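Engineer: Everything below, folded, please.
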Amino acid sequence: PRPEKLRSCAGGAKKSREDGPCRVREALPDTAKRERDGCPGEEEGETEENNPEHPQKKVTEREQESGYEDPERRTGVCESPEDKVFIGAAAEFAIVIALVVLGYVKTGNRMNFFTVLAVVGCLPAAKMLVEFITMMPYKSIEPEKYREIEEKAPLLTKVYDLVITGNDKVMPVDVLVISDHTVCGYTGNEKTDDVKVSRYLKEMLHNNRLEKITVKVFHDYTAFLARAEGMNNVMTVEQSGDRRRERKIRQLILTTSI
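Structural biologist: Now for the predicted structure:
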């Protein structure tokens, strides 16, 4: 008898002869016979996850671009932004302490080259610690709102979970959407002055030679979502292919945030 091999069915599971008709022989390689036996005829090793059109892969690419990850998709216990900054700060201080101890053990006194390295290493460690302390009071945007924004405005450039620092103030913003000459945002924090943060972002963009940019931050989520959906509808009609300006705006905004 000819050797038999298992083919993967549409669900990705292996089926035996008793479970269904998806066991095929090497003597039947043509597509017509595979379709007759009930298999979809996909190539060997091809799965839904490998398909670039698979929705899960699209969500992952959007998350990487926007800087936000749906908490329900996180697999570890230290994947939130605050945890990552805290771990980074702890690792930096651990290296500083290790350098001090190593220098003292090798030389027998504190005045050595390793101490100098430890002092220099305190600067990035202290910076990460300050970022962690600043981020601690503020929560990430709710997953339900994130998914709704992605559904209503899939064509817009987005950036999530901003803690904007400017004019000696800390202004948390949950999300900003960018389309051509318009930047629209939403903040659920009552202490954030929507007028001041809008003015600050507009002035910052103007100082970087991006003029005639309209910036509006909302406290009302419904009003923000309606505005974002309208911007997405405009993008659908115009089908703008050049996103370089939007990416530049997004990058400048990120430089003002931690």
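Engineer: so K212 makes contact with H181?
Structural biologist: Yes: contact criterion CB atoms under 8 Å: K212 and H181 qualify, at 5.9 Å. No exception for glycine: its C-beta is placed from N, CA and C like everyone else's.
Engineer: Looking at these two, which one has more neighbours?
Structural biologist: H181 (14 against 8; other CB atoms under 10 Å).
Engineer: From D193, how far off is that one?
Structural biologist: Using CB to CB, to the nearest Å, we find H181 at a distance of 23 Å from D193.
Engineer: so how many other residues sit close to R199?
Structural biologist: 14.
Engineer: check which helix or strand covers it.
Structural biologist: If you go by DSSP states H and E, R199 is part of helix 194-207.
Engineer: buried set for that helix?
Structural biologist: Under the neighbour-count criterion of 16 or more other CB atoms under 10 Å, helix 194-207 has 194, 197-198, 200-202, 204-205 buried.
Engineer: List the contacts of the residue nearest to F114 when sequence neighbours are not counted.
Structural biologist: Nearest non-adjacent residue to F114, counting by CB to CB, 6 or more residues apart in numbering: G103, 2.8 Å away. Taking CB atoms under 8 Å, 6 or more residues apart in numbering, we find G103 in contact with 110, 112-115, 118.
Engineer: Assign a three-state SS to G103, would you?
Structural biologist: Using DSSP: H, G, I helix; E, B strand; the rest coil, the structure places G103 in helix.
Engineer: quick one on the thing from earlier: in a markdown table: the buried residues of helix 194-207, plus pLDDT.
Structural biologist: Below are the buried residues of helix 194-207 laid out as a markdown table (pLDDT from 0 to 100):
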| residue | pLDDT |
| --- | --- |
| D194 | 90 |
| V197 | 92 |
| S198 | 93 |
| Y200 | 93 |
| L201 | 93 |
| K202 | 93 |
| M204 | 93 |
| L205 | 93 |
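Engineer: List just the nearest of those residues to V163.
Structural biologist: V197 (11.1 Å; CB to CB).
Engineer: Check the gap between the closest one and V215 for me.
Structural biologist: Distance from V197 to V215, by CB to CB: 8 Å.
Engineer: got any residues that touch both of those two?
Structural biologist: With contacts defined as CB under 8 Å, 6+ apart, the residues shared by V197 and V215 are G185.
Engineer: thinking again about what came up before, output the buried residues of helix 194-207 in TSV, with distance to Q251 appended to each entry.
Structural biologist: TSV is the format used below for the buried residues of helix 194-207 (distance: CB to CB, whole Å):
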residue	distance to Q251
D194	23
V197	18
S198	19
Y200	17
L201	13
K202	16
M204	12
L205	11
